[in-house]
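Peer 1: Let me see the structure of the following:
(one chain, ligands or ions: 1)
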Amino acid sequence: MEDLAVRVMALYGQVDGAIAAFQAAVPLACPAGCGVCCTYPEVEATPLEMLPLAVELFRRGEGELWLGRLEGEGAAGAGAGANAEICQFFAPDPLAPTSGRGRCTVYPWRPALCRLFGFATVMGKYGVPELAACARHKDQTPEGVAAAIAALAADPNCLPSFGAIAEQIIALDPSWGRDQLPINEAAKIALGRVGFWMQLSDQTKLESLDTAF
Ligand code: SF4
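Peer 2: Residues are numbered from 1 along each chain as shown. Sure, this is the predicted structure:
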């Protein structure tokens, strides 16, 4: 189970590295403090993508707590608060809770979509990768979006593609890397599996996955 989590983190490291290299050359970045994409109830992940986070939460001794929260027991999550539809790991800005500003409380462990959103391609109708641009980027940094489109015209593979990353996740373990689910549901399944595995294998302590970065 931990080996699989390390392999997921290694894939995330590759994704982050590719995006960082792109951003070193192209001025495309999210506005400071923006968390609008985290407020979409449509955010999805596979349970496998949530495995590193589940391992980390159990490592901290918070696995059962989060499992209970995601199953609807007790207080809601990090601050997504009353809105159980959105990611429970999103903490809205307390001074402007409905502004879309806020932060991810589990940033190093976030799933693929959260890493790729605004910085990945989809296949265009002519079979050429196209930027799946974020609406906020288009509004607030149109010059960055234009630069990204120009960079992709010169090198269509200079950003990761959603399809290729999804295939790599499935290849890691098809049994739980294939089904895209609402993010809270995916997290709940991953936490349940890690908790069950810990019981079965009599694990009482998990190692940090930090070194996978
Ligand atoms: S995991 Fe983090 S980045 Fe992804 S939707 Fe939740 S709060 Fe946002």
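Peer 1: Do I have it right that residue 203 meets residue 197?
Peer 2: Yes: judged on Cβ atoms under 8 Å, residue 203 makes contact with residue 197 at a distance of 7.2 Å. Placement of C-beta: from N, CA and C, glycine included.
Peer 1: So which residues on this structure come close to the ligand?
Peer 2: Along the chain, the residues adjacent to the ligand under the rule Cβ under 6 Å from any ligand atom are 38, 43, 87, 89, 90, 104, 106, 110, 114, 183.
Peer 1: which residues touch residue 30?
Peer 2: With contacts defined as Cβ atoms under 8 Å, 6 or more residues apart in numbering, residue 30 is in contact with 118, 134, 136, 137.
Peer 1: how about the strands in this structure?
Peer 2: 44-45, 90-92, 102-104, 121-123, 129-131, 181-182 (DSSP state E).
Peer 1: Would you mind giving these as JSON lines with mean neighbour count and mean pLDDT added?
Peer 2: Formatted as JSON lines, the strands of the chain follow (neighbours: other Cβ atoms under 10 Å; pLDDT from 0 to 100):
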{"stretch": "strand 44-45", "mean neighbour count": "21", "mean pLDDT": "97"}
{"stretch": "strand 90-92", "mean neighbour count": "22", "mean pLDDT": "94"}
{"stretch": "strand 102-104", "mean neighbour count": "18", "mean pLDDT": "94"}
{"stretch": "strand 121-123", "mean neighbour count": "16", "mean pLDDT": "96"}
{"stretch": "strand 129-131", "mean neighbour count": "19", "mean pLDDT": "96"}
{"stretch": "strand 181-182", "mean neighbour count": "16", "mean pLDDT": "96"}
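Peer 1: want to try JSON lines for these, with distance to residue 154 as columns?
Peer 2: Supplementary listing: the strands of the chain in JSON lines, determined by distance: least, Cβ to Cβ, whole Å:
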{"stretch": "strand 44-45", "distance to residue 154": "31"}
{"stretch": "strand 90-92", "distance to residue 154": "35"}
{"stretch": "strand 102-104", "distance to residue 154": "32"}
{"stretch": "strand 121-123", "distance to residue 154": "14"}
{"stretch": "strand 129-131", "distance to residue 154": "12"}
{"stretch": "strand 181-182", "distance to residue 154": "36"}
